[in-house]
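K.L.:
pasting the sequence and the predicted model now:
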Amino acid sequence: MFKKKLSVVMLASLGLFGCGSDDDKKAVEEIAKPAGLNVQVEFYNEIPSFENRRAFRIEFLFDLNNSGDVNLYEEGDLFFTTIIDENEKENFVSIGKYRLTDEAEIGSELNFPVKTLGYSNLSKKDGKSVFTFKILNELELVESDSSERKEKMDTTVSEYERLVKSINGNTPISIRAFYWGNGVNSGDYIGRNVPTQGSILSIHDSKDDYEGDFNYVDIDSVTFTFN
Ligand SMILES: [Ca+2]
Ligand SMILES: [Ca+2]
């Protein structure tokens with residue numbers, strides 16, 4: 001209830017409220033999205049288009065079990081990945097050996113499809129790329145064909161929801177971003193070998209510390225907000 005009231009106030013103050021059009025309805029739905037975690041990554045430069053089989057991949061590993069390890073898909077960690085290429089965008093999260101994904105490969109034992117994992121987007125602003133990802137706290141599974149599989153899926157979603165809600169402003173994180181394919185390679189990292197220590201609410205990263213032959217992927221800043 002409180003949330004709904006807040007939405008109305010926000011819309012009214014933005015001058016968007018009162019016309020009763022479909023756009024208004026959409027705006028209310030947008031604000032009524034389930035709670036979660038918002039990530040925004042700003043780059044110094046522009047990530048080029050995805051022609052010629054080139055792709056962009058960004059990974060966020062939350063070291064929730066505080067092992068200091070950023071290389072393994074460990075039990076107790078959450079590892080989010082978004083891959084964007086010419087044809088599609090795929091979001092998935094690894095929870096130990098299982099994966100929740102909104103593009104599940106049919107028949108895979110370890111990949112479980114959810115209706116929406118989150119909302120990721122790569123856009124351009126003033127000649128610079130910005131990646132945003134709204135990670136949801138609660139997920140809705142796509143129906144399973146067997147009760148055995150359903151049980152495993154339910155357990156994995158419960159574990160996901162428990163872990164994602166435990167992320168806070170001081171959770172150690174490792175972030176890796178790449179753009180590659182057809183002779184092009186560019187990447188940048190935060191907490192590459194050792195996850196970050198301290199606040200992740202606002203992270204600044206140096207200019208020109210990219211790896212590869214091109215400066216396309218050069219992280220400038222990362223911000224996390226919770227709602
Ligand atoms: Ca870990
Ligand atoms: Ca950088």
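P.N.:
On my side now, so go ahead. Ligands and ions are numbered 1, 2, ... in the order given.
K.L.:
next, give phi and psi for residue 151.
P.N.:
When read as degrees, to the nearest 10, the backbone of residue 151 gives phi -60, psi -40.
K.L.:
low-confidence regions, the chain specifically.
P.N.:
1-34, 104-107 (pLDDT under 70).
K.L.:
ok, now which ones touch the residue of it found nearest ligand 1?
P.N.:
For the chain, the residue closest to ligand 1 is residue 67, as judged by Cβ to the ion, at 3.6 Å. The C-beta positions use only the backbone N, C-alpha and C, and glycine is treated the same way. Residues in contact with residue 67, defined by Cβ atoms under 8 Å, 6 or more residues apart in numbering, are 74, 76, 77.
K.L.:
list just the nearest of the residues you listed to ligand 2.
P.N.:
Nearest to ligand 2 among those is residue 77, at 23.8 Å by Cβ to the ion.
K.L.:
tell me, how many residues neighbour the closest one?
P.N.:
23 (other Cβ atoms under 10 Å).
K.L.:
give the contact list for residue 222.
P.N.:
Taking Cβ under 8 Å, 6+ apart, one finds 39, 40, 41, 42, 175, 190, 200, 202, 203, 205 in contact with residue 222.
K.L.:
my guess is residue 201 contacts residue 226. True?
P.N.:
No: between residue 201 and residue 226 no contact is recorded; they are 9.0 Å apart, counting by Cβ atoms under 8 Å.
K.L.:
which residues do those two both contact?
P.N.:
Common neighbours of residue 201 and residue 226 (Cβ under 8 Å, 6+ apart) are residue 169.
K.L.:
before we move on, back to that, mind putting the contacts of residue 67 in CSV, secondary structure and distance to ligand 2 included?
P.N.:
What follows is those, written out as CSV (DSSP: H, G, I helix; E, B strand; the rest coil; distance: Cβ to the ion, whole Å):
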residue, secondary structure, distance to ligand 2
74, coil, 26
76, coil, 29
77, coil, 24
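K.L.:
got the contact list for the residue nearest in space to the middle of the chain?
P.N.:
Of all residues in the chain, the one closest to the mean position by Cα atoms, centre = their mean is residue 133, 4.1 Å from it. Contacts here follow Cβ under 8 Å, 6+ apart; on that basis residue 133 touches 38, 39, 58, 60, 80, 82, 91, 118, 119, 120, 121.
K.L.:
among these, which lie within strands?
P.N.:
If you go by DSSP state E, the contacts of residue 133 have 38, 39, 58, 60, 80, 82, 91, 118, 119, 120, 121 in strands.
K.L.:
following whichever strand or helix holds residue 203, which helix or strand shows up next?
P.N.:
Using DSSP states H and E, residue 203 sits in strand 202-204. Using DSSP H and E, the helix or strand that follows strand 202-204 towards the C-terminus is strand 211-212.
K.L.:
direction included, what does that following strand pair up with?
P.N.:
Sheet partners assigned to strand 211-212 using DSSP bridges are listed as strand 184-190 (antiparallel).
K.L.:
so for residue 207, what's the nearest residue that isn't a sequence neighbour?
P.N.:
Sequence neighbours aside, residue 44 is the residue nearest to residue 207 in space, at 5.4 Å (criterion: Cβ to Cβ, 6 or more residues apart in numbering).
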